[in-house]
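Trainee: Build me a model:
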Amino acid sequence: MQLRAMVMALSAMFGFVAALMAYLITHEEYTHHFHDRGRVVRTSLKVAAVAFLFFFGMGLVFAVFSPGI
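Mentor: Okay, the predicted model is just below:
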């Protein structure tokens, strides 16, 4: 059970790092294409949320469906 909690904590940490990187990359690229700052921030936050959900979800799937954890 402790290993499952560790897997969930690691997936949350990596999800946060992935979300941060996705936000920074998207924000940097979209500032070159769009002049509306609000649109750039909203789009970058959406991409960051998707990245976090993907990495956290994959960790959740691994923790739930892995035998022996």
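
Trainee: and residue 55, how many residues sit next to it?
Mentor: Residue 55 is flanked by 21 other residues according to other CB atoms under 10 Å. In short, each C-beta sits where N, CA and C put it, glycine included.

Trainee: if I pick it, what's in contact with it?
Mentor: Contacts for residue 55 (CB atoms under 8 Å, 6 or more residues apart in numbering) come out as 11, 14, 15, 18, 19.

Trainee: of those residues, buried ones?
Mentor: 11, 15, 18, 19 (16 or more other CB atoms under 10 Å).

Trainee: which regions of this structure sit below the pLDDT cut-off?
Mentor: Scanning the chain for pLDDT under 70 picks out the ranges 1, 69.

Trainee: any idea which residue sits dead centre in it?
Mentor: Closest residue to the average C-alpha location of the chain: residue 52 at 1.8 Å, with CA atoms, centre = their mean.

Trainee: Isn't that residue up against residue 13?
Mentor: No. Contact status for residue 52 versus residue 13: not in contact, 10.8 Å apart, counting by CB atoms under 8 Å.

Trainee: Turn the buried ones among the contacts of residue 55 into a markdown table, including secondary structure and distance to residue 63.
Mentor: Below are the buried ones among the contacts of residue 55 laid out as a markdown table (DSSP: H, G, I helix; E, B strand; the rest coil; distance: CB to CB, whole Å):
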| residue | secondary structure | distance to residue 63 |
| --- | --- | --- |
| 11 | helix | 7 |
| 15 | helix | 13 |
| 18 | helix | 17 |
| 19 | helix | 19 |
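
Trainee: of all these, which comes closest to residue 64?
Mentor: Set against residue 64, the nearest of the buried ones among the contacts of residue 55 by CB to CB is residue 11 (11.3 Å).

Trainee: In space, what's closest to that closest one - neighbours in sequence excluded?
Mentor: Leaving aside its sequence neighbours, residue 11 sits nearest to residue 59 (CB to CB, 6 or more residues apart in numbering; 2.1 Å).

Trainee: Tell me who's in contact with the one you found.
Mentor: Applying CB under 8 Å, 6+ apart to residue 59 gives the contacts 7, 8, 10, 11, 12, 14, 15.
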